[in-house]
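Chemist: I'd like to go over a predicted model; first the sequence, then the structure.
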Amino acid sequence: MDYQTFPVSESLDDFIECFWTLKGSDSIGKEQVIVPDGKMEMIFHFGDHYKQHLPDGRSLIQPKCFVIGQLTEPLKIEPTGKTDILSARFHPHGFTPFTTLPLKEFENSAISLDKVFGKSGMELEKQILKISNTETCIGIIESFLLDKLKSRCNTEDLINSTIELILEVKGKYSVEELSKITQVNRRQIERKFRNEVGLSPKYLSRIIRLQSTLKELLTNNHDSLTSLAYDEGYYDQAHFIKDFKAFTGQTPKQFYGDSLLISSLFYSKE
């Protein structure tokens, strides 16, 4: 698979982390696992559809273009053919200004652009899928999103500063510690996170800590899982393995066994 990232214009870098593309055909028919990372994505499939496997054993074909919400569990997907994806990866709070739908409706789901944006979403999909040049597509997507921002105020400073703190400490602080540092009541922080991020600050911290641990595992610069668990702020190895299985569906040994999963592309190249 060929994975590349592209920068965001200054006018949108408070909301979008990056644009990325993924191309290839070497994973056809192979189930892949995407681990929660606390970020929503707007995805455009120029290639074939992806199949999404649900926890109850059912599967569905994802829309051609869609927004996927916050993940609270491992996302199991399977390419049905050629992969050719362009995506906008939003910051944890970044997608909120662009939708009037409750973020809870997006959770673990791929919502088609027409359901998210109505007629303008359908028109964006048709326009983008006719274009082969990545930079041109990014420009069109950015113009579309900037139009959505015109009547929207900026995300509150509290959310921005708290998320920056969570990222800085790699998810190691409790909500009580976040409340003390920001000098904001815990309930107020939690309410604002539900509205603006779609996850509680505790849950986002768990995801950020697990993401940090995954990157450390890829470096192989650790003596044991126990020492890694303590370094990343887990109580013990059992606590670490419990969180790892909750977000990946596998033990660390299984996840990094015979072959790395598709999500490892994103850890190793950022």
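Modeler: Good, I have the coordinates.
Chemist: and Val169, how far is that from Glu177?
Modeler: Counting by C-beta to C-beta, to the nearest Å, the gap from Val169 to Glu177 is 9 Å. Yep, even glycine has a C-beta here, placed from its N, CA and C like the rest.
Chemist: those two: who's more crowded?
Modeler: Neighbour count, other C-beta atoms under 10 Å: between Val169 and Glu177, Val169 has more, with 17 against 13.
Chemist: backbone dihedrals for that one, both of them.
Modeler: phi -90, psi 10 (degrees, to the nearest 10).
Chemist: point out where this structure drops to low pLDDT.
Modeler: 151-156, 220-221, 256-270 (pLDDT under 70).
Chemist: give me phi/psi at the residue of it most remote from its centre?
Modeler: The centre of the chain is farthest from one residue, Asp223, which by C-alpha atoms, centre = their mean lies 29.3 Å away. The phi and psi values for Asp223, taken as degrees, to the nearest 10, are phi -80, psi -40.
Chemist: please save the CA atoms from stretch 16-29 in CSV.
Modeler: The C-alpha trace of stretch 16-29 is given here as CSV (Å, rounded to 0.1, in the frame of the first residue of the first chain):
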residue,chain,number,x,y,z
ILE,A,16,-8.0,19.4,10.0
GLU,A,17,-4.8,17.6,10.9
CYS,A,18,-3.9,16.5,7.4
PHE,A,19,-5.1,15.0,4.1
TRP,A,20,-3.9,11.5,3.2
THR,A,21,-4.1,9.1,0.4
LEU,A,22,-3.9,5.3,0.3
LYS,A,23,-3.5,3.3,-2.9
GLY,A,24,-2.9,-0.3,-3.8
SER,A,25,-4.4,-3.7,-4.4
ASP,A,26,-2.4,-6.0,-2.2
SER,A,27,-5.0,-6.3,0.5
ILE,A,28,-8.0,-7.4,-1.5
GLY,A,29,-10.2,-9.8,0.6
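Chemist: buried stuff in it?
Modeler: For stretch 16-29, the neighbour count (16 or more other C-beta atoms under 10 Å) marks 16-22, 24, 27 as buried.
Chemist: which residues of the stretch 51-200 of the chain fall in strands?
Modeler: 59-61, 65-68, 75-79, 83-90, 110-112 (DSSP state E, counting those that start in this stretch).
Chemist: so how far is Ile85 from Leu158?
Modeler: 34 Å.
Chemist: if you could redo that for Glu216, that was the one I meant.
Modeler: Taking C-beta to C-beta, one finds Glu216 at 27 Å from Ile85.
Chemist: next one: Lys192
Modeler: Counting by C-beta to C-beta - Lys192 and Ile85 are separated by 32 Å.
Chemist: about what we covered before: Leu158 and Ile85: who's more crowded?
Modeler: Ile85 (19 against 15).
Chemist: now do the contacts for that one.
Modeler: 20-23, 43-47 (C-beta atoms under 8 Å, 6 or more residues apart in numbering).
Chemist: Phe15 too?
Modeler: Phe15 makes contact with 90-91, 94-95, 97-98, 145, 149, according to C-beta under 8 Å, 6+ apart.
Chemist: how many neighbours does Lys180 have?
Modeler: Other residues near Lys180 number 12, with proximity taken as other C-beta under 10 Å.
Chemist: let me fix that, I meant to ask about Ala246.
Modeler: Ala246, neighbours per other C-beta under 10 Å, totals 14.
Chemist: brilliant, that's me finished.
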